[in-house]
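Enquirer: sharing a sequence plus its predicted fold:
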Amino acid sequence: MKRDFVTIDDLPDAALSNLMDLADRIRTNLRGHAADLPGYLMGSLFLEPSTRTRLSFEASMLRLGGRVITSSDPATSSAVKGETLADTVRIVDSYVDVTVLRHPSAGAARLAASLARGPVINAGDGSHEHPSQTLCDLYTLRSERGPIAAQTVVLYGDLRYGRTVHSLARALVRFGARVIAIAEGGLNLPEFVVEDLASRPGYGMCMVQINDLEDVFRRRGVEAMLVAPQTELPTAKAGEIAELSMRTKKVHAIYVTRLQKERLRGDAPSATLPILDHRFLKSPTFSDSIVLHPLPRVGEIARELDSDPRAAYFRQAALGVPIRMALLLWSCGMVDLDVGHPHGTRLVPCRGAECVNPGCITVKEAPDFAEVGRDAQGRLRCLFCEERASIS
Ligand code: ASP
């Protein structure tokens, strides 16, 4: 079977752990792998801006002894002449052994994977997912804070359009971690992620109010979504929202995202994110938390944090190379991860329905490929972007 990596659920938990173990081994001797993928060619097809993801994938392939061809400027690709993604992908796939795709539309990577002969890796598809960033995030959490199951992670910022947190929240909950999602400007986690988190056996979620983080977030009554084992959820009086005290909580990491200005759809256009600065450094809640960010940061983290040992975002970016080297070795069939079946329930295809997400690739440019399915609860979902669909 072709080894695509479109969503974080394409790899089960054991496979994710095995990839991290492999990255650990690679990391001890980054220069010692130049004979691992000789003769292999990777196509980087980046139809949306990128610095770290593209360069770390390319560095990874080159360090493995393979080669790279790149199309990284959407303005000079045939997309501006009106070529569909479907056509572009078929061509690139016929030139290379593995395609790494970034695209502004949700579901683009699933579409590409369904058409390509070779493996396709999702390097970010609209506001859907960014699973290789999650590999890097999990790997950083494990390297710096130990077993992921034991951790409590605060996700903070634009959680609706920040695709990295969609893949990350799913993975954290799969590993048994606790997630506290603090969204700014009403930009909460999208429904498809929330429903997925809620469906994990033994897990539950509830909205909570945090009143003791005023020093960091500059307001009282910060609302958050807590996702944790059922037994750990606070109880609220009927009609009230439960209070969550953070003073005594051990938070292993705070994961910050920027406002995804390029994706806001008239919702919260003026939202700004409070800056994480010296107040954060002094907060007892976060005294032992590392700070992660998929980068680029555009003001959400003050530079004064950079010299603090808890600022882990540059270390996190550096780990992108060994973990992506491990991923490429798997995608190209050089290692087995005992993957078994992909995680999660696959959708059952359903006729006569269509995706209603304006950001989905099937709505934007490839309606011929539109396919909708029902999830385990009978809800209609797009097979590409995973958002709700409706009967036409
Ligand atoms: N680099 C990440 C992404 O492509 C995060 C971001 O752009 O905010 O999703």
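Expert: Received, thanks. Numbering: from 1, shown residues only.

Enquirer: ok, and the closest non-adjacent residue to the residue of the chain found nearest the ligand?
Expert: Nearest to the ligand in the chain, going by CB to the nearest ligand atom, is Pro294, at a distance of 3.9 Å. Backbone N, C-alpha and C define where each C-beta goes, glycine included. Leaving aside its chain neighbours, Pro294 sits nearest to Thr164 (4.3 Å; criterion: CB to CB, 6 or more residues apart in numbering).

Enquirer: do the same with Glu83
Expert: Leaving out its chain neighbours, Glu83 is closest to Ser77 (CB to CB, 6+ apart), at 7.8 Å.

Enquirer: now do the same contact list for the one you found.
Expert: Residues near Ser77 by CB atoms under 8 Å, 6 or more residues apart in numbering: 47, 71, 83, 88.

Enquirer: repeat that for 10 Å
Expert: 45-47, 71, 83, 88 (CB atoms under 10 Å, 6 or more residues apart in numbering).

Enquirer: kindly report the same for Leu55.
Expert: 44, 72, 317, 320-321.

Enquirer: can you check Glu262 too?
Expert: So Glu262 contacts 48-49, 104, 126-127, 161 (CB under 10 Å, 6+ apart).

Enquirer: give me the buried entries from those.
Expert: 48, 104, 126-127, 161 (16 or more other CB atoms under 10 Å).

Enquirer: reformat the residues you listed as a markdown table; add pLDDT, distance to Ala23 and secondary structure.
Expert: Below are the buried ones among the contacts of Glu262 laid out as a markdown table (pLDDT from 0 to 100; distance: CB to CB, whole Å; DSSP: H, G, I helix; E, B strand; the rest coil):
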| residue | pLDDT | distance to Ala23 | secondary structure |
| --- | --- | --- | --- |
| Glu48 | 94 | 26 | coil |
| Pro104 | 95 | 29 | coil |
| Gly126 | 97 | 27 | coil |
| Ser127 | 96 | 27 | coil |
| Tyr161 | 95 | 28 | coil |
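
Enquirer: what residues does this protein put near the ligand?
Expert: Residues of the chain lying close to the ligand (CB under 6 Å from any ligand atom) are 124, 130, 163-164, 257-258, 294.

Enquirer: include pLDDT and secondary structure when you put the residues you listed into CSV, please.
Expert: Putting the residues of the chain next to the ligand into CSV (pLDDT from 0 to 100; DSSP: H, G, I helix; E, B strand; the rest coil) gives the following:
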residue, pLDDT, secondary structure
Gly124, 98, strand
His130, 98, coil
Arg163, 98, helix
Thr164, 98, helix
Thr257, 96, coil
Arg258, 94, coil
Pro294, 98, coil
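
Enquirer: ok, of those residues, which one's closest to Ala376?
Expert: Arg163 (23.4 Å; CB to CB).

Enquirer: just checking, that closest one touches Ala108?
Expert: No - with contacts counted by CB atoms under 10 Å, Arg163 stays clear of Ala108, the gap being 11.5 Å.

Enquirer: list the residues that contact both of these two?
Expert: 122, 124-126, 128.

Enquirer: between those residues, which sits nearest Gln377?
Expert: Nearest to Gln377 among these, with distances taken as CB to CB, is His128, at 20.0 Å.

Enquirer: run a quick neighbour tally on that closest one.
Expert: The local packing of His128 (other CB atoms under 10 Å) involves 33 other residues.

Enquirer: surely His33 meets Ser60?
Expert: Yes - using CB under 10 Å, His33 is in contact with Ser60, at 9.4 Å.

Enquirer: out of these two, which sits in the busier spot?
Expert: Ser60 (28 against 17).

Enquirer: how about the CA coordinates for the helix or strand that one falls within, as PDB?
Expert: Element membership for Ser60, per DSSP states H and E: helix 52-63. What follows is helix 52-63, C-alpha atoms only, in PDB (Å, rounded to 0.1, in the frame of the first residue of the first chain):
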ATOM      1  CA  ARG A  52      10.500  26.000   7.700                       C
ATOM      2  CA  THR A  53       8.300  23.200   6.400                       C
ATOM      3  CA  ARG A  54       9.700  23.300   2.900                       C
ATOM      4  CA  LEU A  55      13.300  23.800   3.900                       C
ATOM      5  CA  SER A  56      13.200  21.100   6.500                       C
ATOM      6  CA  PHE A  57      11.700  18.600   4.100                       C
ATOM      7  CA  GLU A  58      14.300  19.500   1.500                       C
ATOM      8  CA  ALA A  59      17.100  19.400   4.000                       C
ATOM      9  CA  SER A  60      15.800  16.000   5.200                       C
ATOM     10  CA  MET A  61      15.700  14.500   1.700                       C
ATOM     11  CA  LEU A  62      19.200  15.900   0.900                       C
ATOM     12  CA  ARG A  63      20.600  14.600   4.100                       C
END
